[in-house]
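# dropping the sequence and predicted coords here.
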Amino acid sequence: MIYDFLHNITFGQPWFFLLFLVFPVLIFSHYYRKNRKEAAMRVSSVKALERSGTFTNILQNIPFWLRLLALSAMILALARPQVRYSETYREGEGIDIILCIDVSGSMTAEDFNPNRMEAAKKVAIDFVNHRPDDKIGVVIFAGESFTQCPLTTDHYVLISQIEQIRNGLLEDGTSIGSGLATSVDRLRNSKAKSKVVILLTDGVNNSGLIDPSTAKEIAKAFHVKVYTIGVGTDQAGAATLESREGAGTQQAKVTIDEKMLKNIADETGGKYFRATDNRSLGMIYSDIDKMEKSKMQVTTFHRYSEKFYPLVMLAIALLIIEALLRYFVFKKFP
């Protein structure tokens, strides 16, 4: 809080700071005159001087330093300290995006670090963090589909929902068609000029009531662009899968229907990508982020609040204290 205050403070007339250059002269002049007076004193015995300790001499300088502080406060006030307050307004068209993520058992394969599902969640969160102006939602699918989070600009809630995704939330299987259809349904009433689904899967459609071809036609009818991502190592490579009952692991071959995914992307105006490791998956989301740019105009207004008044009051208070000390506490008698 203090850092933000100091970071935003400016001075309307900073050239008044040049007056501080006079301070060394004032300090030298004060002590020079004081030492000359003390050197010219005539005393009958040095015992009196020995009894007068340096503490008394220090106290006698307090009025001078109070006056110097008062002068400093006045110079700061003349420099017109101002605190800048900034207000940012965003205007334009954001993009409505649904992240459609496969959560079937094969997504626990450990050919990604630590596995496909966790890698997909991480890049999804990074993607959300890079798009503060867009409404984004999440649909998950396995043997069926489910809306994990509807379209929202509350990205804190959205990220929290992504973090909760895990295998076993839905009946196992791979219903790509149902996942895509549910995603399009979430965008159906969107007023955004651009509507996008990013569908990520590592398998072949083998369940669900809606086939991918029908879901693709629904997407086209509602002008939804679909980017598809195939996740996994070799197209027919072995993967270690965690069973739904959690009883251990099993070996299975995973085949990605790349032809179907590419067809969905091409016919809806999107693009198909293949991710074979964490790095390529992150680059894919980065590429999509660059291709789907929000048209936002950012306007920042600055207003300034004058802060010289407290400094003037401080200077007056210091001068009053200095006068009281000089004429009543350290009063000099002839």
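The structure has been received and is ready for your questions.
# where does the prediction get shaky in this structure?
1-7, 36-58, 87-93, 234-254, 294-301, 330-334 (pLDDT under 70).
# okay, which residue is most central for it?
Centroid check for the chain by CA atoms, centre = their mean gives residue 129 as the closest residue, at 8.3 Å.
# burial of the closest residue to residue 167 other than its chain neighbours, as a residue count?
Counting by CB to CB, 6 or more residues apart in numbering, residue 167 lies nearest to residue 108, which is 5.2 Å off, once chain neighbours are set aside. Using the backbone N, CA and C atoms, a C-beta is placed for each residue, glycine as well. When neighbours are counted by other CB atoms under 10 Å, residue 108 registers 22.
# could you measure from residue 108 over to residue 313?
68 Å (CB to CB, to the nearest Å).
# then residue 29?
28 Å.
# and the strands in the protein, which stretches?
Here the chain has its strands, by DSSP state E, at 9-11, 81-93, 96-102, 135-141, 145-152, 195-201, 224-231, 238-242, 249-253, 272-275, 295-306.
# can you list the neighbours in contact with the fourth one?
Translated: strand 135-141. 94-104, 124, 128, 145-153, 155, 158, 161-162, 165, 169-170, 174-176, 178-179, 182-183, 186, 190, 192, 208 (CB atoms under 8 Å, 6 or more residues apart in numbering).
# now do 6 Å
96-101, 103, 128, 146-151, 153, 158, 161-162, 165, 175, 178-179, 182-183, 186 (CB atoms under 6 Å, 6 or more residues apart in numbering).
# check the third one too.
For strand 96-102, contacts defined as CB under 6 Å, 6+ apart pick out 120, 124, 134-140, 151, 179, 183, 186-187, 190, 192, 195-201.
# now residue 218: how far from residue 202?
Distance from residue 218 to residue 202, by CB to CB: 23 Å.
# check residue 305 too.
57 Å.
# and what of residue 285?
16 Å.
# with residue 277 instead?
Counting by CB to CB - residue 277 and residue 202 are separated by 13 Å.
# of the two, which one has the most company?
Comparing residue 277 with residue 202 by other CB under 10 Å, the one with more neighbours is residue 202, at 25 against 15.
# got a list of what that one touches?
With CB under 6 Å, 6+ apart, residue 202 has these contacts: 106-107, 116, 231-232, 254.
# how far does stretch 100-108 sit from the chain's center?
Offset of stretch 100-108 from its chain centre (CA atoms, centre = their mean, to the nearest Å): 29 Å.
# no, scratch that, I was asking about stretch 15-31
45 Å.
# start at 29, not 1
Sure, I'll start numbering at 29, so the last one becomes stretch 43-59.
# mind listing what's buried along it?
Neighbour-count burial for stretch 43-59, counted by 16 or more other CB atoms under 10 Å, picks out residue 44.
# what about dumping the CA coordinates of that stretch to CSV?
The C-alpha trace of stretch 43-59 is given here as CSV (Å, rounded to 0.1, in the frame of the first residue of the first chain):
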residue,chain,number,x,y,z
TRP,A,43,12.1,23.1,-9.5
PHE,A,44,11.4,24.3,-6.0
PHE,A,45,13.6,21.4,-4.9
LEU,A,46,16.6,23.6,-5.9
LEU,A,47,16.0,25.5,-2.7
PHE,A,48,17.4,22.6,-0.8
LEU,A,49,20.8,23.5,-2.2
VAL,A,50,20.8,26.5,0.3
PHE,A,51,20.6,24.1,3.3
PRO,A,52,24.3,23.3,3.6
VAL,A,53,25.0,27.1,3.6
LEU,A,54,22.4,27.6,6.4
ILE,A,55,23.8,24.8,8.5
PHE,A,56,27.4,25.9,8.1
SER,A,57,26.4,29.5,8.9
HIS,A,58,24.5,28.5,12.0
TYR,A,59,27.3,26.5,13.6
